[in-house]
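Chemist: Would you be able to build a 3D model of this:
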Amino acid sequence: MTEKTELAIREFCQYNDIDSEEVIGLINDGDIDIVAGDYRFIDKNHIDRIMCEEMESDPYILGCYNAWFIAENTDLSIDIIEALQEVDKFEAIGRHIIDNDFVEAMQQSSVSYDGYGNHFAPYDGDTIEDLLNVCGYYVFRVN
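Modeler: As a prediction, this is how the structure comes out:
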């Protein structure tokens, strides 16, 4: 890690009340998904895979996406999705999305519409890109 990179991380961490030594150590160790303080740091080369894995881990939530969005990214018609959602079959929709390999399409579409913050930053939905060009990590406030 260069001195410039380390300085940028230290400044970001100091400003946001995060233990900079912990973050620098974890980045140097090659960690790709770091939670420190109220923030989550995710390596830009792994963020899409991590997001897909998280989406796949909760079929119920996948089935809760807007019907038009699911229809746009799967083989289900909007009428079928709306009918299933009306009778609370969200998990069945999500299972279909996972079993038929539509998660990646939904993930890519979600990022193109809303960016990564909508998924990773429950606090405010924002993506903090201060460190992206410096060390290759997206940062999200999680609490």
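
Chemist: quick one: the helices in this protein?
Modeler: 3-15, 20-28, 47-56, 59-63, 67-73, 78-86, 90-99, 103-114, 117-120, 132-135 (DSSP state H).

Chemist: Show me which positions of the last one end up buried.
Modeler: Using 16 or more other C-beta atoms under 10 Å as the test for burial, helix 132-135 gives V134, C135. Heads up, the C-betas are built off the backbone N, CA and C, glycines and all.

Chemist: One more: stretch 40-49?
Modeler: Under the neighbour-count rule (16+ other C-beta under 10 Å), stretch 40-49 has R40, F41, I42, D43, K44, I47 buried.

Chemist: pLDDT for those - can I get that in JSON lines?
Modeler: Formatted as JSON lines, the buried residues of stretch 40-49 follow (pLDDT from 0 to 100):
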{"residue": "R40", "pLDDT": "96"}
{"residue": "F41", "pLDDT": "97"}
{"residue": "I42", "pLDDT": "97"}
{"residue": "D43", "pLDDT": "97"}
{"residue": "K44", "pLDDT": "97"}
{"residue": "I47", "pLDDT": "98"}
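
Chemist: Among those, which ones are in strands?
Modeler: Assignment to strands by DSSP state E places the following of these there: R40, F41, I42, D43.

Chemist: just to revisit the earlier point, comparing the helices of the chain by mean pLDDT, which bottoms out?
Modeler: Note on the helices of the chain: lowest mean pLDDT is at helix 132-135, with a mean of 91.

Chemist: Report the distance from that one to the chain centre.
Modeler: Here helix 132-135 is found 18 Å from its chain centre; the criterion is C-alpha atoms, centre = their mean, to the nearest Å.

Chemist: CA-only coordinates of that helix in CSV, if you can.
Modeler: This file holds the C-alpha atoms of helix 132-135, laid out as CSV (Å, rounded to 0.1, in the frame of the first residue of the first chain):
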residue,chain,number,x,y,z
LEU,A,132,-12.6,3.9,-4.8
ASN,A,133,-9.8,5.4,-6.9
VAL,A,134,-7.3,5.4,-4.0
CYS,A,135,-7.5,1.8,-2.9
